[in-house]
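1. with the input below, show me the fold.
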Amino acid sequence: MKVINLKEKFNKFSSHWDPKIIGELNGQHVKLAKLEGDFIWHNHEHEDELFMVIKGKLYMDFRDRTEEVNPGEIIIVPKGVEHKPRTEGEVHVMLFEPISTLHTGKVKSDLTKTDLEHI
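-> Here you go, the predicted structure:
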């Protein structure tokens, strides 16, 4: 058991759309990511996904609307719901996802990361 300093962890990387694992909790990975620009439309068939905004403003596009997520707020995307995160500038987020979750779901793209780094 150790205290995890989020600021120190965010300072360890600069890449965007490249989640880093900082812990495990009940079969879930706790991840940090820096986001900038547009991601891709995707869903997760079997997993819900939680985004907690630490810094910046996240826009979560759904096919019928867009939700704005500010620092200190979370959004939970239910399994099966198609979504596309995007930003206007750099955003820092913490993610809670089952260990088996790929951040692009079944969609394969240049942004897909399959071997996540533990920091």
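2. could you find the closest non-adjacent residue to the residue positioned nearest the centre of the chain?
-> By CA atoms, centre = their mean, the chain has its centre lying nearest to L95, at 4.7 Å. Once flanking residues are discounted, L95 sits nearest to K31: 4.2 Å by CB to CB, 6 or more residues apart in numbering. In short, each C-beta sits where N, CA and C put it, glycine included.
3. ok, now which ones touch that neighbour?
-> By CB atoms under 8 Å, 6 or more residues apart in numbering, K31 lies in contact with 19-22, 94-97, 116.
4. switch the cut-off to 10 Å
-> K31 makes contact with 18-23, 93-97, 101, 103, 116, 118-119, according to CB atoms under 10 Å, 6 or more residues apart in numbering.
5. now swap in I22 and tell me
-> 4-6, 9-10, 12, 29-32, 94-95, 118-119.
6. got it, and D38?
-> 17, 59, 61, 84-87, 111.
7. apply 7 Å and report the result again.
-> D38 makes contact with 84, 86 under the criterion CB atoms under 7 Å, 6 or more residues apart in numbering.
8. among the contacts of K31, which ones are buried?
-> Among the contacts of K31, those classed as buried by neighbour count (16 or more other CB atoms under 10 Å) are 18-20, 22, 93-97, 101, 103, 116.
9. number of residues surrounding the residue nearest to I76 when sequence neighbours are not counted?
-> Using CB to CB, 6+ apart and skipping residues adjacent in sequence, the residue nearest I76 is L50, 5.0 Å away. Other residues within reach of L50, judged by other CB atoms under 10 Å, total 15.
10. tell me the pLDDT of L50.
-> Reported pLDDT at L50 in the predicted model: 92.
11. equivalent analysis for E90, please.
-> At E90, pLDDT is 98.
12. contacts for stretch 3-21 next, please.
-> Counting by CB under 7 Å, 6+ apart, 22-23, 29, 31-36, 39, 54, 92, 95, 103, 111, 113, 116-119 sit against stretch 3-21.
13. change it to 8 Å
-> By CB under 8 Å, 6+ apart, stretch 3-21 touches 22-23, 29-37, 39, 54, 90, 92, 94-95, 103, 111, 113, 116-119.
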